[in-house]
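S.K.: Here is my input; please provide its structure:
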Amino acid sequence: MHSADLRVSTNGPCTVYPVDLFLISATSTTLQWAVKYLARAPEVQRKLRRELVEQLPNPGERTITYKELSDSKLLPYLTAVVYEVLRVARVANAVNRDTTCDTVILGHHIPKGTQIFFTLGYTQLFESENHRAIADGLEGIRSESSRKGGRKEGYWSADDCTEFRPERWIMPDGSFNANAGPWFPFSLGFRGCFGIRLAVRILALRVFMSLTDDLFRY
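M.R.: Here you go, the predicted model:
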C-alpha cells in the first residue's frame, strides 16, 4: 500500500472509521527504539547535542519550555530526529478501517462491513522515488476531492530509505521539512490519533533530557 492509496476519500455519503490500531505502550516503546538508533549513530548524537546546547538557555538561567522543545524552527534537528525515530521504528505499523456502507476506493467496489487494512509503517519506510510511477498511475481513478488535495509529501531516496538518517528531513538552508516524505505514525486525516502533538513533545523531551545528561553508547 502506498501513500497515494491512503490519500483517498470515499464516494457517497458514508464514512469509514478506525477499528483498531496496533499501538501498545507506544511512548515507552518508541523511546526504546530512540535509544537503539541513537546509540548506533554517535555523530547524530553529537550534532543533536550541539544544537541543544547552542539554541537553548543554560539550565541555571530558566526552565526550558515544552514550546521550545517542540519548535521545529528553533530546534530543526531535534524535530528531525523525533520524526525519523517514529518513521523507522514503525511502532504503529498498521491501521484498519471498517466501511459503514458500500463505497468505491481507487476504482474498487468495497461492500459495507469490509475491513480495510492500511500498512502505514511499510509505506513511510519504503515508499521511495521508485514508487513515483505507481502513485502517478493512480491519479485518474482517485476521487475528485483526493485529486484536488494533491500530494504534499515527497519520496524517500531509494538508496537509504530503510536507514536511520535524520538529515533527510533537513532542507539545504538548515530548516525542518515536515513534507520531506511519507510519514504516518499517527495515521491520517481527522480520524488520525489526536495525541500526535503530545506524543511528539514527550519524545522530544525525553531525548533532550537523556542527551543533555550523557551520550548513548552501543
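S.K.: can you pull the buried residues of the helix or strand harbouring Arg50?
M.R.: Using DSSP states H and E, the element containing Arg50 is helix 42-55. Within helix 42-55, the residues that count as buried by 16 or more other C-beta atoms under 10 Å are 44-45, 47-49, 51-52. The way it works is simple: take the backbone N, C-alpha and C, and place the C-beta from them, glycine included.
S.K.: cool, stretch 117-135 as well?
M.R.: Buried residues in stretch 117-135 (16+ other C-beta under 10 Å): 118-121, 123-128, 131, 135.
S.K.: try stretch 154-174
M.R.: In stretch 154-174, counting by 16+ other C-beta under 10 Å, buried: 155-156, 161, 164-166, 168-170.
S.K.: Would you reformat those as a markdown table and include secondary structure, pLDDT and distance to Asp98?
M.R.: What follows is the buried residues of stretch 154-174, written out as a markdown table (DSSP: H, G, I helix; E, B strand; the rest coil; pLDDT from 0 to 100; distance: C-beta to C-beta, whole Å):
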| residue | secondary structure | pLDDT | distance to Asp98 |
| --- | --- | --- | --- |
| Tyr155 | coil | 94 | 30 |
| Trp156 | strand | 95 | 30 |
| Cys161 | coil | 94 | 31 |
| Phe164 | coil | 96 | 34 |
| Arg165 | coil | 97 | 36 |
| Pro166 | helix | 97 | 36 |
| Arg168 | helix | 97 | 34 |
| Trp169 | helix | 97 | 33 |
| Ile170 | strand | 97 | 39 |
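S.K.: any chance of those residues in JSON lines, plus distance to Ser70?
M.R.: Listed next are the buried residues of stretch 154-174 as JSON lines, based on distance: C-beta to C-beta, whole Å:
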{"residue": "Tyr155", "distance to Ser70": "26"}
{"residue": "Trp156", "distance to Ser70": "24"}
{"residue": "Cys161", "distance to Ser70": "26"}
{"residue": "Phe164", "distance to Ser70": "21"}
{"residue": "Arg165", "distance to Ser70": "22"}
{"residue": "Pro166", "distance to Ser70": "16"}
{"residue": "Arg168", "distance to Ser70": "20"}
{"residue": "Trp169", "distance to Ser70": "15"}
{"residue": "Ile170", "distance to Ser70": "17"}
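S.K.: Out of these, the closest to Leu203 would be?
M.R.: The nearest member of the buried residues of stretch 154-174 to Leu203, counting by C-beta to C-beta, is Pro166 at 13.0 Å.
S.K.: re the thing from before, now for the buried residues of helix 42-55, which pair is the farthest apart?
M.R.: Val44 and Leu52 (12.5 Å).
S.K.: low-confidence ranges in this structure?
M.R.: 1-25, 59, 189-191, 194-198, 206, 209-218 (pLDDT under 70).
S.K.: what about 80?
M.R.: 1-28, 58-61, 66, 92, 145-146, 149-150, 186-218 (pLDDT under 80).
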